[in-house]
Structures are given as C-alpha cells and as structure tokens.
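Undergrad: Turn this into a model:
(one chain, ligands or ions: 1)
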Amino acid sequence: MKDRLRVGLAGFGLLGLLACNPGARPRPAASTPQPAPATSPEDQVHQAPRSADEHAALLARAGELARALIIVDGHIDVPFRLEKTRAPGGAITEDVTRATEGGDFDLPRARAGGLNAPFMSIYVPSSYEERGGATEFADRLIDSVESIIARAPDALALARTPAEVREHFQAGKLSLALGMENGAPLAGDLAKLAHFHARGVRYITLTHSRDNHISDSSFDDARTHGGLSEFGRQVVAEMNRLGVIIDVSHVSDEAFWQVLELSRAPVLASHSSCRRFTPGWQRNMSDEMIRALAKAGGVIMINFGSSFISDEYRRRREAEQALLEAEGLDDDSAAGRARLEAWRAERPPVDFASVGQVADHVEHVIALVGVDHVGLGSDFDGLGDSLPTGLKDVSMYPNLLAELLARGHDDDELAKIAGENALRVWDAVLERAAG
Ligand SMILES: [Zn+2]
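TA: Next up, the predicted model:
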C-alpha cells in the first residue's frame, strides 16, 4: 500500500513499488463489491439504528442523491495502479474504462456509485527525490490519464476548472482532474510548476512519505527543514500565483502551519482524516489544525482507509509491520505471510473500519467547524486491502450518503460534503490567482 504506516519504513529505497503492495492485513476482504454493511455488533455501535426496510429506503434515496449531486473524490490512485501492471514492453494492460477484475476504480463502478470528479493521483514515490527522474515519471503518469480519456472520450474528460466539472456533469461525462502527490517532480525549478500546471495539474501534495526539497513529511523523523524549505516557500507563492491548490496531506505539522501562514488562498487536505480518532498519528489532522484550516476557508477530505479511521486497526497493523521488520520478513513473501497468519491466530481479529466510523470522522469535522469544511478523499487504489466494509470501491459512495442521511443530514449538507465544498476551494484558489 502506498499510504503506509509510520512503522515499517525500513528499506526506503524500495518504497516506491514495494510500498504499493497491499501488505499485511488483519482480515481478508471480500473480492467483490459488497452491499451496505450488515448490522454486525460493531456496526451497531457506529451505525445509526434502523430496520431493514428503513435501510433499504435510505439506500434508495442515497442512490438518487449520488446521481443528482456532484461527487468529487480528492484522491484516487489509478495512474500508479496502471504503472504497476504495465506489460514488460511498457504498454498499459488494464482498461479502466471497462469493468476490471481488481482495483477500486473503473468507469462502470464509478457510474454506479455516482462519482463525478475524482482527482487522479500523479503519485511519485519518495525514492525518486534522490534517484532522479521524478519529473519524467510524473509526465508519464499524466500521459496515462490522457490515454484513459482517449479510450472513452464520450464518457470521460479532463477537468481543469470547477466550471468544467459542472459542464461535464451536465453532459453526462465523468471528469478526471489531476492532483500531484509529492512535489519531487518540480526538482527545484519553478518553471516545472508552470509546466505541470499547463498539463492540467490542479493540486500538489507538497511531499509524500519522506522529507523532500520542498517540505518535511509527517512520516519522517528527520524534520529536515523544520517545516518548509526556502524553495518550498517559493513554491507556495508560485502555486498561489498560478492557481494550483496546495494539498497539506502528508506534510509535517510544522509545514502545515507555515503553509497556512504563507498561502493567500485556502488549502485542501486531499486525503486525511481526524487525529482525534488516531491519537498521536501525524498523518491525520488534529482538531486545532482542522479549526485553522477551516478558518482559512479550506476543506479536509476524509481518507477512507481503515488505518486512518480506526485506531484499533492502525495499531494492529503497526504491530504486524513491526513484527515483520524485527524478523527480517516482509508481507510479500510466503514466509512473511505464514508468520503473520500464525501471529494473528493467537490474537482476537480486528475488523476493517465500518461505514459508520467513516461517518464519525465526517461528523467530527462538522461538529468542530461546520459542514462547509469537509469532503471525501477515499485514497481508493492506494490503500491495498484495508478499506472499510461497505466502502471497498467507487461503487459504494451511496452507502456513506445513506449513513449520513440516517444521522439527519439534509440534501444541502450532503451536496457540500460530496463535492461542493471542494469545488468552492478550487474556485477560490483560481479567483486569487494572478491573471
Ligand atoms: Zn497519500
């Protein structure tokens, strides 16, 4: 998995491809999309109570809403997924414009779930910062997105502005927007920022799992710059000038506060959840940070990953990774998997997060700062086998909408959460851009 935990970061040089494997998992997931969550004992804690009939009616209503509202997802890792399955000669082997066996995203499932505007992650592994080639790799991923659109130009279109998202929505097309995860491809050159902006990149996550030449990372103890580097400060100003959204997911707390101080425009956290539920884990945002983000007009887009949502799940996963690391094993090997199986057999199972727990994060943001500052940033195709029961892929947004309906949120609130808040930030960033 790409959005890996803090523990288990040995072997950084290989982080790129190895980190994207699903990795250890407390429990196997069903291989096919699942219906709305059943009322297991755990769900009863987190899910608003309802009868089977009430649940069916809510789901039907949520399905209608999913079609009527614009759903924006802050972070989906399709381009890197296609990278991992390229043929030896380099050709892309998966066609996500048709139903695919694996993965969390394809066009038919996106339509079923009512998804309208996913940000396709132009994810560049941290290892590229030192080994070079980050710029070329990012261009290659953007080429991939263009090739997806070229396969189905009647159904898909690149979105460069919120206005284009709305136009495509009216025309029945799904918008693909570009968000770059890791500023490494800028390679110390602001002209490259202009290059990627011209290609359609509309947000940049300043760094990923390690400090880079722009910003410190939440996962890296080195704290190289104490936040942003000198160049990072220039990048923030130039992103403001060009109208590129600053994404504060993955950055260290120091970098987050410096970005808020420097940026003239609101910012997004494209795929982060609430630290309140995962105490001490910097990859999620603290209440204080969420308040400051909101005060500056920004939006936190909730990451669906069970490790982001459930502290119990995250701690179990960290323990598993620590075990493998201590014994020199990894979860890609038969020996590593066997060791994990034996270890798990001695312990009570830990469930994936539930839809209700994801809704808890959404509601926590609402309770802190109101409904105008929360959105959805699933991290689909970037998390491996750690997604919540009932939110396994892009067909399942209605399950979350149904849960929020059950908790009394109205259509206007759901519209904001589903996409309008994120589009508002995007518009505000464009308005504040120069020329
Ligand atoms: Zn990420």
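Undergrad: what's the residue nearest the centre of the chain in contact with, if anything?
TA: Against the mean C-alpha coordinate of the chain, by C-alpha atoms, centre = their mean, the closest residue is residue 379 at 2.9 Å. By C-beta atoms under 8 Å, 6 or more residues apart in numbering, the contact list for residue 379 reads 3, 75, 76, 77, 271, 303, 304, 305, 308. C-beta: built from backbone N, CA, C; applies to glycine.
Undergrad: Need phi/psi at it.
TA: Main-chain torsions, residue 379, degrees, to the nearest 10: phi 70, psi 20.
Undergrad: how close does it sit to residue 268?
TA: 14 Å (C-beta to C-beta, to the nearest Å).
Undergrad: One more: residue 305?
TA: Residue 305 is 17 Å from residue 268, by C-beta to C-beta.
Undergrad: ok, now residue 356?
TA: 25 Å.
Undergrad: what does residue 314 give?
TA: Distance of residue 314 to residue 268, given as C-beta to C-beta: 23 Å.
Undergrad: In terms of packing, which of the two has more residues around it?
TA: Neighbour count, other C-beta atoms under 10 Å: between residue 314 and residue 268, residue 268 has more, with 29 against 25.
Undergrad: Tell me what the more buried one is bridged to.
TA: Assessed by DSSP bridges, residue 268 has beta-bridge partners residue 247, residue 299.
Undergrad: Could you verify my assumption that it touches residue 425?
TA: Yes: counting by C-beta atoms under 8 Å, residue 268 does reach residue 425; the two are 5.6 Å apart.
Undergrad: list the residues that contact both of those two?
TA: With C-beta under 8 Å, 6+ apart, residue 268 and residue 425 have common neighbours 245, 298, 299.
Undergrad: By neighbours, which of these wins?
TA: residue 299 (32 neighbours).
Undergrad: does residue 398 count as helix, strand or coil?
TA: helix (DSSP: H, G, I helix; E, B strand; the rest coil).
Undergrad: Once you drop chain neighbours, what's closest to it?
TA: For residue 398, ignoring the flanking residues on the chain, the nearest one in space by C-beta to C-beta, 6 or more residues apart in numbering is residue 62 at 4.1 Å.
Undergrad: host element of the one you found?
TA: Using DSSP states H and E, residue 62 falls within helix 52-68.
Undergrad: And that helix, what does it pack against?
TA: Packed against helix 52-68, as judged by 3 or more C-beta pairs under 8 Å, 6 or more residues apart in numbering; DSSP states H and E, are the following elements: helix 397-406.
Undergrad: Residues touching the helix it packs on, excluding its own?
TA: So helix 397-406 is in contact with 36-37, 47-48, 50, 54-55, 58-59, 61-63, 65-66, 71, 113-115, 355-356, 358-359, 362, 376, 390-391, 413-414, 417-418, going by C-beta under 8 Å, 6+ apart.
Undergrad: Measure how far that helix is from the centre of its chain, please.
TA: Computed by C-alpha atoms, centre = their mean, to the nearest Å, the separation of helix 397-406 from the middle of its chain amounts to 19 Å.
Undergrad: Distance from the chain centre to whatever helix or strand comes next after it, please.
TA: For helix 397-406, the succeeding helix or strand toward the C-terminus, using DSSP H and E, is helix 411-415. How far helix 411-415 lies from its chain's middle: 21 Å, per C-alpha atoms, centre = their mean.
Undergrad: which strands and helices sit next to the helix or strand following helix 411-415?
TA: Where DSSP H and E defines the elements, the next helix or strand beyond helix 411-415 is helix 421-432. Helices and strands touching helix 421-432, by 3+ C-beta pairs under 8 Å, 6+ apart, are strand 71-76, helix 162-170, strand 245-247, strand 299-302, strand 374-376.
Undergrad: pLDDT on helix 421-432, on average?
TA: Taken as a whole, helix 421-432 carries a mean pLDDT of 98.
Undergrad: swap in stretch 136-153?
TA: Here the average pLDDT along stretch 136-153 is 98.
Undergrad: C-alpha coordinates for that stretch, CSV please?
TA: Output of stretch 136-153 as CSV, limited to C-alpha atoms (Å, rounded to 0.1, in the frame of the first residue of the first chain):
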residue,chain,number,x,y,z
GLU,A,136,9.7,12.3,-16.3
PHE,A,137,7.8,9.8,-14.1
ALA,A,138,5.1,12.4,-13.3
ASP,A,139,4.8,13.2,-17.0
ARG,A,140,4.4,9.5,-17.7
LEU,A,141,1.5,9.3,-15.3
ILE,A,142,-0.2,12.3,-16.8
ASP,A,143,0.2,10.6,-20.2
SER,A,144,-1.6,7.6,-18.6
VAL,A,145,-4.6,9.7,-17.6
GLU,A,146,-4.7,11.2,-21.1
SER,A,147,-4.7,7.7,-22.5
ILE,A,148,-7.6,6.7,-20.3
ILE,A,149,-9.6,9.6,-21.6
ALA,A,150,-8.7,8.9,-25.2
ARG,A,151,-10.2,5.4,-24.8
ALA,A,152,-13.6,6.8,-23.9
PRO,A,153,-13.8,10.5,-25.0
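Undergrad: Which pLDDT value belongs to the closest residue to residue 190 other than its chain neighbours?
TA: Of all residues not flanking residue 190 in the chain, residue 238 sits nearest, at 5.1 Å (C-beta to C-beta, 6+ apart). Predicted confidence (pLDDT) for residue 238: 98.
Undergrad: Residue 238 touches residue 193, doesn't it?
TA: Yes: counting by C-beta under 8 Å, residue 238 touches residue 193, with 5.4 Å between them.
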